[in-house]
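**Student:** missing the sequence, but the structure's below:
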């Protein structure tokens, strides 16, 4: 009976499997986190490899970290960022010493919890000080016409260099240059302009903005790339009278989502129209020519002021009056219309109200389709704010709400809602002409720094799926596959160069550029200093099923009890 009780109790304990915690020893197998970002190139990397080999003789495990955590290899560092936090989080589950070998120039030091940062031993292999002049950023209008002036705002920085020549090149030819003074510290902005007619061909061109004659010791950050689309005629012309925030945000978003050149013309005085970018007066003949040749003509503010130009438009027209009844007008979910499917993903409750709506004194045209409505303070009758109609084969859309620019200004879901509305309107207005056709996928950025992946975003309302992509440079052709995650993003790591891409099974094509520039090349003071760290032990939860001796007791008790019963002749 005693043996049977012991066996039954052992089986009950094994089925219940209670657990207790115990302190595991720190162990003698270190974990080495090796900084593999671009700033480690040269002497710091050689010294870091020597340190890693010393620890490897103690059976150390070595990981590389940069933009991601990877297994160790001796290949030169190629990551375009230094992110230590993911590596420390992965190392937190291991006992033993953690060693970080780095140059101290980390991008995410402020985001690392203090307890994680105290644990590792840190070995710093700093870079030697050097003179440097660099192009920090390039900003400008992405789409221009042949008659426009290209205006680029260039951010310049330096460490010990005072003057240089700023040049802009395309296809191996110099477009312009000017002498610039570099700041003592930080970054200063410089504007450089040149006529778009100097670019030899229409379509996409990649400009190289470079600092020359600086005599610095780091040439890899002397140039930045900027992709520019040059067309013979503007695809869209905006007549704004009076000019306001609505026209400014529409022009910016239209150029972004439709990827077409947009020209803004503003009426600053009665009957006097000026270029929205330069405020240079535009003659009446040029206004009529721009409206007649554009695929999309937009009249904003008081559309009647631009009737002489919208009347000669041969293609699509968008009318956007903004002088309506003021109040808080909340836009409701779309009605059944051609815009219903493209706007299905908009979170309407996150949108701020429109500030005014033009209320029609009579019923709308029965030939028009109401796409969106709004209610004053969410009460009262629904007023149409977006209508679509066809007039003698010409598509005309009307937006009767003001203050929608606040959606784009707010950012987040509201900004995406504004972009979706603009993209859906352009898609419907331009039809098969292709300028506003929604692409299945598009690159988030046309220029990417060295060591960072090009990121592609799924933009179609259909379910994301893998797409084959062909990338061509001057001498090579590469075929790859974009595999989108649950968030609709795909990454592709490319070496520096200019690539013309095309997606299989669709019209998507364009240009992406990977620069030799990287923030890793810039002179930075080390953010992380050397420290001894602490080798921590850790608690582990041990269940009874993990203890082998309990199985031995249960089996021995059952076997002994069976043997005694057999000896006594019991069943």
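**Tutor:** Yep, it's here. Treat the numbers as computed from the prediction; the structure is a model and nothing was measured. Numbers count the residues shown, from 1 in each chain.
**Student:** From here on, just use CA atoms for contacts and neighbour counts.
**Tutor:** OK.
**Student:** pretty sure residue 49 belongs to a helix, no?
**Tutor:** Yes: the assignment for residue 49 (DSSP: H, G, I helix; E, B strand; the rest coil) places it in a helix.
**Student:** For it, which residues are in contact?
**Tutor:** By C-alpha atoms under 8 Å, 6 or more residues apart in numbering, the contact list for residue 49 reads residue 74.
**Student:** tell me which element residue 157 falls in.
**Tutor:** For residue 157, the host element (DSSP states H and E) is strand 149-159.
**Student:** ok, the following helix or strand past that strand: who's next to it in the sheet?
**Tutor:** Heading C-terminal from strand 149-159, the first helix or strand you meet, by DSSP H and E, is strand 163-170. If you go by DSSP bridges, strand 163-170 pairs up with strand 173-181 (antiparallel), strand 203-212 (antiparallel).
**Student:** buried sites along the strand holding residue 157?
**Tutor:** 149, 150, 151, 152, 154, 155, 156, 157, 158, 159 (16 or more other C-alpha atoms under 10 Å).
**Student:** Tell me if I'm right that the fifth one and residue 136 touch.
**Tutor:** Yep, that's residue 154 we're talking about. Yes: with contact defined as C-alpha atoms under 8 Å, residue 154 reaches residue 136; the gap is 7.4 Å.
**Student:** and of the strands paired with strand 163-170, who's closest to residue 332?
**Tutor:** strand 203-212 (39.0 Å; C-alpha to C-alpha).
**Student:** Quick one: mean pLDDT over that closest one.
**Tutor:** The average pLDDT within strand 203-212 is 95.
**Student:** Run through who's touching the next helix or strand after that strand.
**Tutor:** Using DSSP H and E, the next helix or strand after strand 203-212 towards the C-terminus is strand 223-231. If you take C-alpha under 8 Å, 6+ apart as the criterion, strand 223-231 is touched by 134-139, 141-146, 196, 201-211, 261, 446-447, 511-513, 515-517.
**Student:** Just give me the neighbour total for residue 161.
**Tutor:** 19 (other C-alpha atoms under 10 Å).
**Student:** Could I get the full set of helices for the chain?
**Tutor:** Remark: helices assigned in the chain by DSSP state H are 2-16, 43-56, 85-91, 114-118, 245-257, 284-293, 307-310, 405-410, 412-430, 548-567.
**Student:** Tell me which other helices or strands the fifth one touches.
**Tutor:** The one in question is helix 245-257. strand 236-241, strand 262-269, helix 405-410, helix 412-430 (3 or more C-alpha pairs under 8 Å, 6 or more residues apart in numbering; DSSP states H and E).
**Student:** center of this protein - which residue?
**Tutor:** Residue closest to the average C-alpha location in the chain (C-alpha atoms, centre = their mean): residue 444, at 5.0 Å.
**Student:** wait, isn't that residue in contact with residue 459?
**Tutor:** No: using C-alpha under 8 Å as the test, residue 444 is too far from residue 459 to be in contact (10.4 Å).
**Student:** Next one, pLDDT for the nearest residue in space to residue 516 that is not next to it in sequence please.
**Tutor:** In this structure, residue 516 finds its nearest non-sequential neighbour in residue 450, 5.2 Å apart by C-alpha to C-alpha, 6 or more residues apart in numbering. pLDDT, residue 450: 96.
**Student:** Tell me which of the helices of the chain sits most buried.
**Tutor:** helix 412-430 (a mean of 21; mean count of other C-alpha atoms under 10 Å).
**Student:** and that one, what does it pack onto?
**Tutor:** Looks like helix 412-430 contacts helix 245-257, strand 316-321, strand 394-399, helix 405-410 (3+ C-alpha pairs under 8 Å, 6+ apart).
**Student:** can you rerun that using 10 Å?
**Tutor:** Judged by 3 or more C-alpha pairs under 10 Å, 6 or more residues apart in numbering; DSSP states H and E, the packing partners of helix 412-430 are helix 245-257, strand 296-301, strand 316-321, strand 379-391, strand 394-399, helix 405-410.
**Student:** now the strands for the stretch 451-571 of the chain?
**Tutor:** 454-458, 467-472, 477-482, 489-492, 497-503, 509-514, 538-543 (DSSP state E, counting those that start in this stretch).
**Student:** Throw these into a markdown table and include mean neighbour count, thanks.
**Tutor:** Output for the strands of the stretch 451-571 of the chain, formatted as a markdown table (neighbours: other C-alpha atoms under 10 Å):
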| stretch | mean neighbour count |
| --- | --- |
| strand 454-458 | 20 |
| strand 467-472 | 16 |
| strand 477-482 | 14 |
| strand 489-492 | 18 |
| strand 497-503 | 19 |
| strand 509-514 | 21 |
| strand 538-543 | 13 |
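**Student:** Mind checking the ones you listed for the one nearest to residue 351?
**Tutor:** strand 454-458 (22.6 Å).
**Student:** Direction included, what does the closest one pair against?
**Tutor:** According to DSSP bridges, strand 454-458 has the following sheet partners: strand 441-443 (antiparallel), strand 489-492 (antiparallel).
**Student:** would a markdown table of those with mean pLDDT and distance to residue 347 be doable?
**Tutor:** Below are those laid out as a markdown table (pLDDT from 0 to 100; distance: least, C-alpha to C-alpha, whole Å):
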| stretch | mean pLDDT | distance to residue 347 |
| --- | --- | --- |
| strand 441-443 | 92 | 21 |
| strand 489-492 | 95 | 20 |
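**Student:** Distance to residue 187 added to those strands, as a markdown table?
**Tutor:** Formatted as a markdown table, those follow (distance: least, C-alpha to C-alpha, whole Å):
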| stretch | distance to residue 187 |
| --- | --- |
| strand 441-443 | 28 |
| strand 489-492 | 30 |
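**Student:** Nearest approach to residue 170 belongs to which of those?
**Tutor:** So among the strands paired with strand 454-458, strand 441-443 is nearest, using C-alpha to C-alpha, at 21.7 Å.
**Student:** Need the contact partners of that closest one.
**Tutor:** 257, 454-460, 464, 467, 482, 484, 488-491, 503, 506, 508-512 (C-alpha atoms under 10 Å, 6 or more residues apart in numbering).
**Student:** mind checking how far it is from the chain centre?
**Tutor:** Relative to the chain's own centre, strand 441-443 is displaced by 11 Å; criterion: C-alpha atoms, centre = their mean, to the nearest Å.
**Student:** can I assume residue 241 is in contact with residue 298?
**Tutor:** No: with contacts defined as C-alpha atoms under 10 Å, residue 241 does not count as touching residue 298, sitting 11.0 Å away.
**Student:** Which residues are in contact with each of the two?
**Tutor:** With C-alpha under 10 Å, 6+ apart, residue 241 and residue 298 have common neighbours 247, 306.
**Student:** higher neighbour count, these two?
**Tutor:** In this view residue 241 and residue 298 are compared by other C-alpha under 10 Å, and residue 298 has more residues nearby, 28 against 25.
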